[in-house]
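>>> Pasting the sequence and the predicted coordinates here, then a few questions.
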Amino acid sequence: MTGDIRELALRFDRALEQKDFEAVLSAFHEDCTITLLGIELTGRKGARTWINWLFSHVEELRFEPVVIMTRENIFFEEYIVRARIAGGRTVASRQAEVLVFEEGRIRSLRLYFDRLDVAEALAGDFFGRMAISHIRKKSTEGLR
């Protein structure tokens, strides 16, 4: 099963990179859950919502695996996503995902990333970017 889920996860990443809505949607189990940013989306309706949200913000994206681990039907990946977002700005963000497969489809997708990476890329003006930069600096005080 381990090799199978690696292949399924790779296919899923390629469909995301190609912005192939139907291929991404078909990767999900009917009763799936998608969890990100403290929000849980459920079922195919939730998968559609997530795909539409992602594709509306991203013009192009590429995944660079850092660490991949599998156990039975669970796939864990740490990766760097490089994206060009609407408006042409670029972002590189270190992220992680946990995929749980059932019947060859994604039953659960949990995404973990620094929301400031996303906020910084989406901030449209100088003042927004400065505010995010200040938050980044304050949140790491004492660690450097």
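Perfect, thanks for sending it.

>>> Nearest residue to the middle of the chain?
Note on the chain: the residue nearest the mean C-alpha position is Leu111, at 5.5 Å, using CA atoms, centre = their mean.

>>> what about the residue nearest to that one when sequence neighbours are not counted, how many neighbours?
Once flanking residues are discounted, Leu111 sits nearest to Leu36: 4.1 Å by CB to CB, 6 or more residues apart in numbering. Where C-beta positions appear, they are placed from N, C-alpha and C, glycine not excepted. Counted with other CB atoms under 10 Å, the neighbours of Leu36 add up to 18.

>>> what helices or strands is the least confident helix or strand in the chain by mean pLDDT leaning on?
Lowest by mean pLDDT, DSSP states H and E among the helices and strands of the chain is helix 115-122, with a mean of 73. When contacts are defined as 3 or more CB pairs under 8 Å, 6 or more residues apart in numbering; DSSP states H and E, helix 115-122 sits against strand 74-85, strand 90-102, helix 126-139.

>>> Would you convert these into a markdown table that also reports mean pLDDT, mean neighbour count and distance to Leu54?
Listed next are these as a markdown table, based on pLDDT from 0 to 100; neighbours: other CB atoms under 10 Å; distance: least, CB to CB, whole Å:
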| stretch | mean pLDDT | mean neighbour count | distance to Leu54 |
| --- | --- | --- | --- |
| strand 74-85 | 95 | 17 | 10 |
| strand 90-102 | 94 | 16 | 12 |
| helix 126-139 | 79 | 12 | 20 |
